[in-house]
Each structure stands twice: as structure tokens, then as C-alpha cells.
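Return atomic coordinates for the entry below.
(chains A and B)
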Amino acid sequence: MKLDRPRALLCTVLAAGLAAAACGTAAPSTGSGGALVIGMTASDIPGTDTVMAFTQGFEGERFVNFQLYDGLTRYDLKQATKTPGIVPGLATSWKSSGDGRTWTFQLRQGVTFSDGTSFDADSVIFAYDRLLNKKSPYYYPEAAGAARLWSGQIESYRKIDAGTVEITTKRPSGHLPTDLTFLTIPSPTAVKKLGNQRFAQHPEGTGPFRFESLKPGQQLTMVANEKYWGGAPKVGKLALRPIPDAGARTAALRSGQVNWIEYPSPDDVTPLKSSGFQLFGNNYDHLWYCTFDQAKKPWGDVRVRRAANYAIDREAIARDLLKGTADPVNQHAPASTDQHDPANDAYAYDPAKARELLAQAGVPEGFSTTLAVPTGGSGNLIPVPIATALQAQLAKVGIKVQIQKVEWSTLLADLNSGKPVQGADVQCASTVTFQAEALVRAYWAKGSPVYKGHWYSARVDSLSEEAERTLDPAKRVALFRQAERIVTDEAPYLFVVSDRNPRVLSAGVKGLIQPKSWFVDLTTVSVGK
Amino acid sequence: MRRFLVHRLLLAVPTLVGVSLVVFLTTKLVPGDPVASLLGPLAPPDARRELIERFGFDRPLPIQFGRWSWNVAQGELGTSIQQQRPVLEIVRTAFGNTAILALAGAVLAFAGGLLIGATGAFTTRRLPRGLASGLSFLAMSVPQYSIALGLVALFAVRYRVLPAGGMHDPVGGGGAGDLLRHLVMPAVAVSLIPMGVIGRMLRASLVDVMSGDQVEAMRARGLGRAAIARHALHNALPSLLTITGLQLAYLIGGVVFVETIFSWPGLGQALYNAIASRDLPLIQGGVLVIAIAFVLINIVVDGVHALIDPRVRR
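Numbers count the residues shown, from 1 in each chain, chains lettered A, B, ... in the order given. Sure, this is the predicted structure:
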């Protein structure tokens, strides 16, 4: 083998030519015929098999599970003014018996899955067997695990007739209709034909969109379900692309490669708006907060925890750092939830009061503490800059914070096993509160294994437990509000901000209704020039 | 030659076992929850326990490793926890995508490095020499991340001549031309560091060769500059090949930044996601494949080296 100068030159010219040829082709188009191309924050395509979409968190539920499939119920996402309630999905109506454990669901008639199978009570039983019946040949342990948060309280279910199913819960449960939204129904024919694992490669559901193709790691493409029982989507195609880097998402939008991006970097929001892109946002059930470890001095003293809550300027963080993509929160229930009681907003920015409380607690000079914060992760916004802002604000009243950056997966593992994250005194992260009431008990119930900062309130536990058992939504809200009053008073958390779910759309994308929710209805959206 | 290859292939086996063991132990030591990616935060503990038992993560480490190795020896890499697809299938696709990017990058790096090195060594004029030296220095020292973002800002956002990321257009994509357009920027971004390394290395070894006695002798016999340069290049070729091979191997394992910025669905990105979600089977399989690629490329380079230089074969 011999490589001389002329040949080396040839190589160079070839390489240059390659680049030139590539540059020469037409600029990328976003496609015609109404294709919605979404740049997600997810690092990969979410699972396409019903509940498995949760592998990419609620973003997976939002764009995959709720687009390909329906549950018996669904969130009311066609309005932007009130907290989305639960409305009929594949069930048209339901009622509960006197003891609150047995529920009867009337199923929607004339619905077919995308493979032509018609939907009836047997489809529901088949779907639930996959998640709950270990004796079923189609029991799928991985999916069952992913669904447990929503399915854990179901004791039994049975078909009454082709159009009716009955579900019995272990205890009375007011949030069963909400939970069923997530337990979506796949085509039984397709699952039987392909088997549990391979179904994900050709998923068939009843949702507003039908599966078209999947390029692993690159793109999931769906087409409109023209026969969707809730009204066919206005766009012909829906393409989802995972673009985890915020800068890359903005670039993809600006270059016209996608026409919708989730969570832009807050710094990009104003420049994007001034170049004609549309910013959407709405308050929803999201809380960015920190948990104090009450076993560590002096956080065990309620006055110190209140002092910290008075010492931080949430308005400044929401306005200056997050550029209006989040709202300040002064309590555990975000403003978009029904459980939010304005009377509960106790903590305004008041550093003088914070110093006074610290003096009363015997630490007038302040103290040093450690704070763990994730470096990224679903729903955590820009965690490290927020923690740095908190550090600066707390320093002004004498609380000297040392920040420990922790990878999200490590943080979750500690949190789930009930340990203070990396031994830190304060630990920050984001969560949802009442959108999924099944989660609330994880934070407040005595036996829950989740890390709670060594805080327990018997009253909050019993009030939330009673709320769970209560079927009347208004009564449930009232009970939760009572619990929230105690939470505000005892201040086990540092309340920071609530996200507004910012997303940026190209000028041609019309008709988006941004609800007060993580989730979104894509059927009203159209794409023009 | 055959003995040489067999010897090298046999040596590769303990290397791969060692790499697997280290990766296996590291992933076990790092805190994190391998089933959290499937269950999400706050899943009930019984669901977590069930899956941990199902995947065998509750078994003693030697048994876990033994079982994994046994499966690998039979060509079975297991199932990705998060994606619920065979690891082999994921790794194969991702490796193919990374190989496209790494090869394109290596070709650019080789060509550019050759140009830079040869210019630096053979030209006596100051401007091209300085330019070559400056370019190689710049290529090596500017972080890939900023180069990549700069390219995107210029060619995707400002002039809109190239796509900002991905391998294919979202709608109506596919085909070689489409792939090529998506390949240009990431390939340039990954090529720069190896280009600088190759350029500097080549220049140094060419300068070394050029100061040798044999070049004096060639000059004395009246050979022209072009002929001398050709001979000098031949002498510098073994080290050039070694370094290019090494750089290609590094590219395959090290393009994760560029893959992230350009949303290139390669092995770097797949591994990064796997590590973030503690998807142990996928981490293990991905690293194993990279290690195999690394070893194979080195064997190929050594083989070519042996072809060129008979002294190596002995």
C-alpha cells in the first residue's frame, strides 16, 4: 500500500466534494400536508406499548400513550381555564356503589382499534389481565410494574355484558376514575398475534393517532386516526423526535426541522418570540421544591424552616432566571390545582422576618447546610441555576448553603428508598401533586417508603387518607385543603416555583389549546404555512 | 502472518473479559436504581422488588456476572430494561449509525491531517507553515461541543442549508442524499481533534525522516522534491496508520457529545441514556461492542502495519 501526494490530494478533494454535494441539495422542509413535528425533551422515544410510555416520564404519557390509546376515562384537555377534570373516554359513563368500592362502567359503542378489531368489554378485561392477572398467558410483568401506581388499588374486575364492566377496589377510592386514564387499552388481537414484547413494534390502539413507523432513537411517526371517536385530528401526521439538548431543540425549531419544541431554555424564549415563534404556557400541577431533613439541626425547628421560606425571592427566580416560564409558589398546592387555597399563601419574600425567626430559633448568625440538587431529569427545569439562586438568597439571611450536584437517577434511587439524597440536609427536585392523587399518599402516608425528610404529621396523614376514601370531588378538595393548611404551617418543604409547561411553536402551527395540565390534546392543532 | 493474527486474536479474549468485568463492577458500585426507568419515581416497593427479582439483580454479583458471560458467549446480550427490546438489536443499529459517523469523521481527519502534516513538513514558506500549525492547534483545542454548536448556528439556523440534527428528515426523509446532508456537520465536528492529532504527528515524523541520511543521499543523487516527499511519506506511513486507527477507535467510543448535539442516534447516545437510566444490560452490551471494535481496529491496524513493514512480522 502506497499513499503519495497526488492520492492524498484526491482524498481531500473527494471529501470536500462530498460536503459540497451535500450542501447543494435543497434546504430541509418541515413537510407538507399538515405534519406536526415535535422536538421532545426526552432522551429517547418513549415506549409505544400503553403504560410503557412512562419510561420517558409524563412526556411519554403525553405524546405516546395518550395519542395512540385511550383509557376508560381521560382528562378534559379541550379548555385552558380550569383544572382538567375527568371526562368519558372509552367509557361513556360510570357510577359507584354505596360502599365506594364497586364501580360500573358503560362502554362506548362502535369504537374500533386501528387494526380493525372492535372494542368491547373483552378488550378491557384483556388489557387489565395483562397488568393484573398473573395467571393470564398475556401477563406482562414489566408493564404491570410500570402500571402499579395506577392499578395497585384494583382488587378485581369483570365483564357484566359486552358493553359494561365492573371494577372493585381494595378500599373506597375517589381517584379511581383518574387512575384509569393511564391504564390504556391495546388491541387484544394485535397483542395475541405479536406477543407482549413485539407488540411495541406494531402498536394498535383506539387513540386519535395511529402508529406508522418507528426509527429507534430517532423518530416515532403516527398518522391521524380518521375514525377517532372524539373527532379526527386536523393534522395528517405526527412525528416525535427526542432532542434532549435544549440548545439543539431551539436550533431544530429555528432551522425548520421541527415546528414544535417542548421546554426551550428560558434564555431562548425572548429571542424566539421576537423572531416570530409562538410561546405557549399555562400553570399546571408542577412543584419545584426542596425537602428539609428535620433530623438535622437546626432544620428540626419549624421557625428555621419558615425563615428559609421567607428568605427566598421566588418572584425573582420565576421572572429573572426562568424568564416567566414558571410561577412562584408559596405553598405545596400549585395555583392550578383545585386544592390550592389562596389563604394558604403564607410565605412572601421577607428577609427581615427570616432573620427575626432565625434569632428566635437561637441561630441569629445563621448556619451552614448542604443542599442536593439533580443536574437534570424530567420536570426539573434548570435545577442547578435555581439552586445557585437559592444559595445566594439564603446567604443574605446567614444560611450558608453548599450545593451538591447529584445525577437524577442517583437522586431517585435514594429518594425511593427513604434515604436523604447523598446525605444532604436539604434536597430539591420537582414533583406533581394532585394531578395523580395516587402519588400524594406516597409523600404523606406513614408506611410509605419514600424519603420524607423525617417529617410526619398524623393529621395530614389521616386527612389525606380520608380524602382518598371520599368519592365526592368537592369534599375531597376540602379535606386536602385542610391538610395543606397544616403543611404550610409546618413548612416541611421550601416552596420554590411551579412550571408553566413552556413550549414554542412555529408561526404556522394553529389551534393549540394549552390546558392547565402536563398533557395536551393534539386533535385541535393544525399546521399551515 | 497467520500466526501473527491468531496470536493477536487470542490476546483479545482476556482483554474483553477484563473490560466486561470492570464495566460490570462499576455499574454495580454506582448508586442508582436499574428498574426506576421502567417504574418511574414513587412506584410501590412491591412492584420494584418483583422486577428486581425478575431481572436477577438480587442475586450475588459473581452469579450475575457468570450468567451474563455465559449468555454473551452464546451471542445473547439480554433485553434492555428501559426499551424492552433485545440489546443486540439496539446495539447493532446504534453501532451502525456511529460507524457511519466515525468513518466519515476519520476520512475527513485523515485527509485533513495529511494536508496539514505535509504542508507543515514540506513547505519552507512561513505563511502556509504557520497556517498548518495554527489549524492543527485550533482543531485540537477548541471543544467539540462549541464547534458543533457554532456549525449549527451558522449552517442550520443562519443559512438553513443543512439540517440541525438527526439522521433523516422528519417527513419524507430517507435515501443517501438525505443521510449525507445530515452527516456533514457532525462528521466535521468529530473530525477536528483527530485531524489536529494526525496533522501534528505526521509533521513531526516527516520532519524526522527528512533530516535523515537517506534523504541527503536522495538529494545527492538528484531526486526532485516531489520524489523525496513521496519516499518520506512512505517512511512516515506506519505511524500515520497507527495513529489514524487509534483515532478511529476513539471516535467510535467518544462521539457522545456530538451525537447528543446533533441528535445522532448512535452508540454514544444509546450508552449515555443507558447510563442515565441504569439500564445495566444495555450498558454492558454497548461497552462490550465498543471494546470489541477497539480491539479489532487495533488488530487491523497492526496487520496493515505488518504488511508495510516486514520487521513487525518477526
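
Please list the residues of the stretch 401-529 of chain A that sit near chain B.
A:407-410, A:412-416, A:431, A:439, A:442, A:449-450 (CB under 8 Å from any CB of the partner chain). Just so you know, the C-beta spots here come from the backbone N, C-alpha and C atoms, and that holds for glycine as well.

For the residue lying closest to B:V72 once chain neighbours are set aside, grab the count of nearby residues.
With CB to CB, 6 or more residues apart in numbering or on different chains as the measure, B:L288 is the residue that lies nearest to B:V72, at 7.0 Å, once sequence neighbours are left out. Residue neighbour count, defined by other CB atoms under 10 Å in any protein chain shown, stands at 20 for B:L288.

Please name the nearest non-neighbouring residue to the residue in the stretch 151-300 of chain A that chain B sits nearest to.
The shortest separation between the stretch 151-300 of chain A and chain B is 3.2 Å, found at A:G217 (distances taken as CB to the nearest CB). In this structure, A:G217 finds its nearest non-sequential neighbour in B:P265, 3.2 Å apart by CB to CB, 6+ apart.

so the one you found makes contact with B:N97?
Yes: checked against CB atoms under 8 Å, the pair B:P265 and B:N97 is within contact range at 5.4 Å.

just checking, A:G152 touches B:A43?
No: applying CB under 8 Å, one finds A:G152 not in contact with B:A43, separated by 9.1 Å.

So which of these two has more stuff around it?
Set side by side, A:G152 and B:A43 show more neighbours around B:A43, with 23 against 16, by other CB under 10 Å.

That one sits in which helix or strand?
Using DSSP states H and E, no element contains B:A43; it sits outside every helix and strand.

Point out the residues in the stretch 151-300 of chain A that sit beside chain B.
If contacts are counted using CB under 8 Å from any CB, the residues of the stretch 151-300 of chain A sitting beside chain B are A:152, A:197, A:200, A:215-219, A:221, A:237, A:239, A:241-245, A:247-248, A:251-252, A:254-258.

Which members of the residues of the stretch 401-529 of chain A next to chain B are classed as buried?
Buried residues within these, defined by neighbour count using 16 or more other CB atoms under 10 Å in any protein chain shown: A:407-410, A:412-416, A:431, A:439, A:442, A:450.

would you turn those into CSV with pLDDT and secondary structure?
As requested, those are arranged in CSV below (pLDDT from 0 to 100; DSSP: H, G, I helix; E, B strand; the rest coil):
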residue, pLDDT, secondary structure
A:E407, 86, coil
A:W408, 84, helix
A:S409, 80, helix
A:T410, 84, helix
A:L412, 82, helix
A:A413, 81, helix
A:D414, 85, helix
A:L415, 85, helix
A:N416, 81, helix
A:T431, 91, strand
A:L439, 83, helix
A:A442, 86, helix
A:V450, 87, coil
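
The residue nearest to A:G217 looks like it's in a helix, true?
No: membership of B:P265 in a helix is not supported by DSSP: H, G, I helix; E, B strand; the rest coil, which gives coil.

and residue 129, which of the three is it?
Defaulting to chain A. Of the three states, A:D129 takes helix under three-state DSSP.

does the closest residue to it other than its chain neighbours sit in a helix or strand, and which one?
With CB to CB, 6+ apart as the measure, A:S136 is the residue that lies nearest to A:D129, at 4.0 Å, once sequence neighbours are left out. In this assignment (DSSP H and E), A:S136 forms part of neither any helix nor any strand.

how much space between B:L10 and B:L16?
Using CB to CB, to the nearest Å, we find B:L10 at a distance of 11 Å from B:L16.

which of those two has more neighbours?
Neighbour count, other CB under 10 Å: between B:L10 and B:L16, B:L16 has more, with 15 against 9.

and the more buried one, what does it touch?
With contacts defined as CB atoms under 8 Å, 6 or more residues apart in numbering or on different chains, the neighbours of B:L16 are B:L288, B:A291, B:I292, B:V295.

Run the chain-centre distance for the helix or strand encompassing the third one.
For B:I292, the enclosing helix or strand under DSSP H and E is helix B:280-308. Taking CA atoms, centre = their mean, to the nearest Å, one finds the center of helix B:280-308 at 10 Å from the center of the full chain.

Please identify which helix or strand holds the closest residue to A:E466 other than its chain neighbours.
On the basis of CB to CB, 6+ apart, the spatially nearest residue to A:E466 that is not a chain neighbour turns out to be A:L479, at 5.5 Å. With elements delineated by DSSP H and E, A:L479 resides in helix A:473-490, which encompasses its position.

Looking at B:V255 now. What's its pLDDT?
With respect to pLDDT, B:V255 scores 82.

who touches the next helix-or-strand element following the helix holding A:L479?
Proceeding C-terminally, helix A:473-490 gives way to strand A:493-499 as the next helix or strand, assigned by DSSP H and E. For strand A:493-499, the external contacting residues (CB under 8 Å, 6+ apart) are A:283-284, A:286-292, A:305, A:308-309, A:312, A:314, A:317-318, A:322, A:325-332, A:334-336, A:347, A:379, A:381, A:386, A:390, A:426, A:428, A:430, A:453, A:487.

again with stretch A:351-358
Applying CB under 8 Å, 6+ apart, the contact partners of stretch A:351-358 are A:303-304, A:306-308, A:310-311, A:364, A:366, A:396-399.
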